[in-house]
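> What follows is a predicted structure for the sequence shown.
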Amino acid sequence: MRLRSTGRTLATLAFAACGAANVLAQAVPPSPPENPTTPAKALLGKALFWDEQLSATKTMACGTCHRFEQGGADPRLGIHPGFDGVFGTADDVVGSPGVVASDAAGVYQPAAPFPFAPQVSKRRAQGVIDAAFAPALFWDGRADATFEDPITGAVAATGFAALESQAAEPPVNAGEMAHFGSTWSDVAARIAAAKPLALALDVPPALSSFVAGRDYPALFRDVFGSSDVTPQRIVFAIAAYERTLVSSDTPFDRYLAGEDGALTEPESEGLAVFDGAGKCFLCHSGPLLTNHGFFNIGVRPAFEDPGRFLVTGVPSDLGRFKSPTMRNVALRAPYFHDGSAATLADVVEFYDRGGDFHDGQSELIEPLGLTVAQKAALVQFLATATLDPKIALRTPPFDRPTLYTESDRVPNVVAPGTAGSNGLVPRLVALEPPFVGNPSYALALADGLRGGPAFLFVTGGGPAPALQSATFALIALGPLSGAGANGFASFTTAIPRDPTLVGSTLRMRGIVVDPAAQAGLAITPTVEFRFFDTP
Ligand code: HEC
Ligand code: HEC
């Protein structure tokens with residue numbers, strides 16, 4: 001689908017909206033006829049969106065990369081080396097860390113450029129707040145209004161289904177949430193067998209009374225009339241939830257509604273620049289402060305990330321990206337598809353100088369010659385006038401559970417390691433939730449001397465005991481494999497469903513026999529696991 005600028009200015013829309021109470025408070029996003037939103041469906045979607053069990057590793061929920069306090073984007077900043085594949089150069093991208101690469105059985109595998117580390121996305125995560133109003137989603141708009149069932153390929157939603165199209169991607173993406181080769185059938189089977197939100201804490205009351213100890217098939221029966229947990233239903237529920245993530249009550253909304261004094265003096269001055277000398281309204285127009293169009297504004301050369309061109313194949317779309325909403329933009333730093341602008345002031349300077357790369361750049365972008373005062377006013381408008389106070393207050397719809405990865409149940413390093421002859425301190429990769437009964441827990445020892453015999457040294461909790469401590473287990477991992485100097489061992493293991501383990505701790509370090517290292521051994525930092533139970 002091609003999208004064009006509507007050409008309507010903010011000023012026109014603001015005028016049209018005058019007198020209407022609160023523009024977005026009343027706006028209900030469009031939904032596909034096949035997927036009407038109901039309160040129960042939105043609650044099921046909320047459970048799925050915040051459930052880390054949607055990922056194959058049980059470490060990534062949709063909400064891991066999309067947090068309200070970050071305007072629906074990702075507070076965790078990972079670095080992708082960008083087009084040139086080299087870290088530390090100008091084309092690096094601030095992206096979202098996803099899963100560690102693993103094979104179909106869940107065993108971690110070395111994968112460049114992120115060996116045994118969370119893989120980082122090639123673009124900055126966008127906000128999910130108000131995404132429901134966009135006719136197409138992702139920076140390149142590849143999630144379009146027609147949704148095809150991920151199993152059958154049949155059209156399952158005929159219009160307004162960009163959210164459904166989008167939600168079909170991450171759960172089977174081996175960089176974000178999946179193992180290599182994971183299918184949507186695997187995802188649906190995993191959800192059907194999972195206890196809803198088993199890894200979450202602080203589940204909001206309305207969500208917890210909806211779940212009420214039931215399993216997912218029971219929740220699906222409640223919402224869809226039968227207990228089948230299908231990919232399409234998972235996607236439909238998540239999209240229905242996202243249609244509730246609408247921001248409202250911003251000073252800007254009250255201004256549009258004609259309220260006197262809704263904007264402070266500096267905010268009003270900033271809006272005047274936004275709508276005037278800054279020409280921002282040309283692409284960021286209307287109550288959503290976007291025209292949903294695609295433009296090459298010259299953030300980076302188009303060959304690095306061709307953007308919209310990847311979807312349409314039309315040469316003029318090279319380097320074009322979706323014009324984002326300015327609602328709640330202050331929360332979403334860093335900015336642009338590559339996260340290259342750290343602050344709103346940096347963004348304003350970017351526009352003031354007419355962008356950075358001019359090949360194929362939109363003719364709407366040119367040097368602005370704003371005064372220092374105009375720039376400051378513009379930043380002020382963006383910083384405060386478009387913020388929905390419900391986000392900071394975490395009131396509905398912006399209430400949410402705490403994730404496993406945000407809690408103190410993540411295994412943590414309690415003592416440093418020692419380097420091997422390759423100059424690296426080997427490390428244990430232990431990210432998955434150590435709950436009793438976890439059938440497949442992935443572990444890896446990475447960055448050891450290749451070919452070196454390796455062991456896991458495991459003790460009970462408490463201060464790290466000396467190697468000769470009486471209560472320990474030494475588990476042989478065999479010689480480390482891998483290419484080049486750096487070897488690894490990786491495997492999965494089951495954590496017994498033993499209630500006496502709950503609350504107990506265990507400390508683990510990897511030991512690599514490395515004759516050229518100090519004392520002939522390279523040792524990983526010590527990682528402490530605390531076993532927990534799921535409700
Ligand atoms: C590993 C981090 C990660 C996970 C997990 C993740 N996302 Fe995203 N999300 C991203 C990134 C990065 C983008 C931008 C990608 C692009 O444009 O190519 C994005 C884009 C989006 C968008 C588009 C917003 C817009 O304005 O176009 C929506 C909606 C969204 N994600 C929802 C979800 C949902 C629903 C899930 C779970 C099924 C999910 N995400 C899981 C990182 C993630
Ligand atoms: C020609 C259309 C156009 C004009 C004019 C325009 N923008 Fe943008 N804006 C975009 C597009 C497209 C992007 C995304 C570009 C990218 O990431 O490569 C964007 C991104 C942004 C972002 C980053 C948002 C985020 O979530 O990362 C901010 C902030 C922003 N614009 C503010 C402004 C301001 C302020 C002005 C006026 C000085 C302005 N824009 C003028 C099209 C435009």
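Okay, I see it. Ligands and ions are numbered 1, 2, ... in the order given.
> use CA for all of it now, contacts and neighbours both
Fine.
> near ligand 2, which residues of the stretch 251-400 of the chain show up?
When proximity is defined by CA under 6 Å from any ligand atom, the stretch 251-400 of the chain lies next to ligand 2 at 274, 278-280, 282-283, 294-295, 297, 299, 321-324, 329, 335-337, 344, 347-348, 351, 362, 364-365.
> Can you tell me the closest non-neighbouring residue to residue 136?
Distances taken as CA to CA, 6 or more residues apart in numbering place residue 144 nearest to residue 136, at 4.6 Å, with adjacent residues excluded.
> okay, now that neighbour: neighbour count?
If you count neighbours by other CA atoms under 10 Å, residue 144 ends up with 21.
> Surely it touches residue 158?
No: Residue 144 sits out of contact with residue 158 when judged by CA atoms under 8 Å, with a separation of 10.4 Å.
> Need the pLDDT of the residue most central in space within the chain.
Nearest to the geometric centre of the chain sits residue 65, at 1.9 Å (CA atoms, centre = their mean). At residue 65, the model reports a pLDDT of 98.
> what does residue 469 give?
At residue 469 the predicted local distance difference test score is 44.
> Tell me the spacing between the residue nearest to the centre of the chain and residue 285.
27 Å (CA to CA, to the nearest Å).
> Then residue 202?
Look at residue 202 and residue 285: by CA to CA, they are 38 Å apart.
> Looking at those two, which has the bigger crowd around it?
Shown here are residue 202 and residue 285; by other CA under 10 Å, residue 285 has more neighbours (27 against 11).
> The more buried one reaches residue 293, doesn't it?
No: shown here, residue 285 and residue 293 do not form a contact pair, counting by CA under 8 Å, at 10.5 Å.
> Would you pull up the residue in the stretch 101-250 of the chain closest to ligand 2?
When CA to the nearest ligand atom is the measure, the stretch 101-250 of the chain has its nearest residue to ligand 2 at residue 126, with 6.4 Å between them.
> Look up how far ligand 2 lies from the residue nearest to that residue when sequence neighbours are not counted.
Excluding its sequence neighbours, the residue lying closest to residue 126 (CA to CA, 6+ apart) is residue 73, at 5.1 Å. Here residue 73 is placed at a distance of 9 Å from ligand 2 (CA to the nearest ligand atom, to the nearest Å).
> Just want the phi and psi numbers for residue 73.
phi -100, psi -160 (degrees, to the nearest 10).
> What is the neighbour count of it?
The tally of other residues near residue 73 (other CA under 10 Å) stands at 25.
> quick one, what contacts it?
For residue 73, the contact set (CA atoms under 8 Å, 6 or more residues apart in numbering) comprises 65-67, 125-128, 332.
> Could I have the buried ones of those as ChimeraX selection syntax?
Of the contacts of residue 73, the buried ones go into a single ChimeraX selection, burial set by 16 or more other CA atoms under 10 Å:
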select :65,66,67,125,126,127,128,332
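> Give the buried subset of the residues of the stretch 251-400 of the chain next to ligand 2 as a ChimeraX selection command.
A single ChimeraX command suffices to select whichever of these are buried according to 16+ other CA under 10 Å:
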select :274,278,279,280,282,283,294,295,297,299,321,322,323,324,329,335,336,337,344,347,348,351,362,365
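> need the residues of the stretch 1-150 of the chain near ligand 1, please.
For the stretch 1-150 of the chain, the residues in contact with ligand 1 (CA under 6 Å from any ligand atom) are 49, 60-62, 65, 96-98, 121, 123-128, 131, 137-140.
> So which residues of the stretch 151-300 of the chain form strands?
With DSSP state E, counting those that start in this stretch as the criterion, the stretch 151-300 of the chain has strands at 155-157, 294-295.
> picking up where we left off before, just the residues of the stretch 1-150 of the chain next to ligand 1: which are in strands?
Among those, the members falling in strands (DSSP state E) are 97-98.
> What parts of the chain come near ligand 2?
Applying CA under 6 Å from any ligand atom, one finds that the chain approaches ligand 2 through 274, 278-280, 282-283, 294-295, 297, 299, 321-324, 329, 335-337, 344, 347-348, 351, 362, 364-365.
> Listing request: residues of the stretch 401-535 of the chain with sub-threshold pLDDT.
Segments of the stretch 401-535 of the chain classed as low confidence (criterion: pLDDT under 70) are 461-471.
> And the strands in it?
Chain-ordered strands for the stretch 401-535 of the chain, with DSSP E, counting those that start in this stretch as the definition, fall at 412-415, 427-429, 441-449, 453-460, 472-479, 486-493, 505-513, 521-523, 526-530.
> elements contacting the second one?
Going back to what we said before, that points to strand 427-429. In terms of contacts (3 or more CA pairs under 8 Å, 6 or more residues apart in numbering; DSSP states H and E), strand 427-429 is packed against strand 441-449, strand 505-513.
> go again using 10 Å as the cut-off
strand 441-449, strand 486-493, strand 505-513, strand 521-523, strand 526-530 (3 or more CA pairs under 10 Å, 6 or more residues apart in numbering; DSSP states H and E).
> Next, format the ones you listed as TSV and append mean neighbour count and distance to residue 164.
Putting the helices and strands packed on strand 427-429 into TSV (neighbours: other CA atoms under 10 Å; distance: least, CA to CA, whole Å) gives the following:
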stretch	mean neighbour count	distance to residue 164
strand 441-449	26	31
strand 486-493	20	33
strand 505-513	24	42
strand 521-523	26	47
strand 526-530	22	37
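> Any idea which of the strands of the stretch 151-300 of the chain gets closest to residue 236?
With respect to residue 236, and counting by CA to CA, the nearest of those is strand 155-157 at 9.3 Å.
> Go through the closest one and flag the buried ones.
By 16+ other CA under 10 Å, the buried positions in strand 155-157 come out as 156-157.
> residues making contact with that strand?
Taking CA atoms under 10 Å, 6 or more residues apart in numbering as the criterion, the residues outside strand 155-157 that touch it are 31-35, 145-150, 164-165, 232, 236.
> What distance do you get for the residue in the stretch 151-300 of the chain positioned nearest to ligand 1 to residue 518?
With distances taken as CA to the nearest ligand atom, the stretch 151-300 of the chain approaches ligand 1 most closely at residue 176, which sits 4.0 Å away. Distance check for residue 176 against residue 518: by CA to CA, it reads 38 Å.
> These two: who's more crowded?
With neighbours defined as other CA under 10 Å, residue 176 and residue 518 compare such that residue 176 has more, 26 against 12.
> Thanks a lot, catch you later.
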